[in-house]
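> quick one: sequence and predicted model below, then my questions.
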Amino acid sequence: IALIIAVIQAPGGIWMQLLGVVLGLVYGYIYVRSSSIWSVISIGVAFNVSLFSMKKVGWLDALGNMSELGLIIMAVIMALLLLVTVWYWRKQK
């Protein structure tokens, strides 16, 4: 799945392909941990809707002006939120 996502991201360049590999691995991990394709689909939909919404309201431009430390802190917080979501989803079974 990670390789398929990377190939789909080819028009975006090498950085988009690397992001595709990472997202594919994360989605695979979430599926293995939660045993539910719906958790992966839900996270993917939420990710895409968030990305397009941020583009529409101009938040992506604002993120471009943030410092690297600020972006790293935001990424860590989002990763923790993702892990908590997976843990909660698995606990529900």
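Noted; the coordinates are in hand. Numbers count the residues shown, from 1 in each chain.
> quick one: distance of the strand or helix carrying Leu25 to the chain centre.
Leu25 is part of helix 14-34, with elements assigned from DSSP states H and E. Offset of helix 14-34 from its chain centre (CA atoms, centre = their mean, to the nearest Å): 8 Å.
> buried residues, that helix. List them.
17, 20-21, 23-24, 26-27, 30-31, 34 (16 or more other CB atoms under 10 Å). For the C-beta atoms, the positions are set from N, CA and C on the backbone; glycine is no exception.
> and the lowest-mean-pLDDT helix or strand in the chain, what does it pack onto?
Least confident helix or strand, the chain: helix 2-8 with a mean of 71, by mean pLDDT, DSSP states H and E. If you count contacts as 3 or more CB pairs under 8 Å, 6 or more residues apart in numbering; DSSP states H and E, helix 2-8 packs onto helix 14-34.
> any idea of the mean pLDDT in whatever helix or strand comes next after the helix it packs on?
Counting by DSSP H and E, the element after helix 14-34 in chain order, helix or strand, is helix 37-57. The average pLDDT within helix 37-57 is 83.
> just want the angle from helix 37-57 to helix 14-34.
140 degrees (axes from the mean of the first three to the mean of the last three CA atoms, to 10 degrees).
> can you name the residues in contact with the following helix or strand past helix 37-57?
Downstream of helix 37-57, the next assigned helix or strand under DSSP H and E is helix 59-64. Contact with helix 59-64 is made by 51, 53-54, 71, as judged by CB atoms under 8 Å, 6 or more residues apart in numbering.
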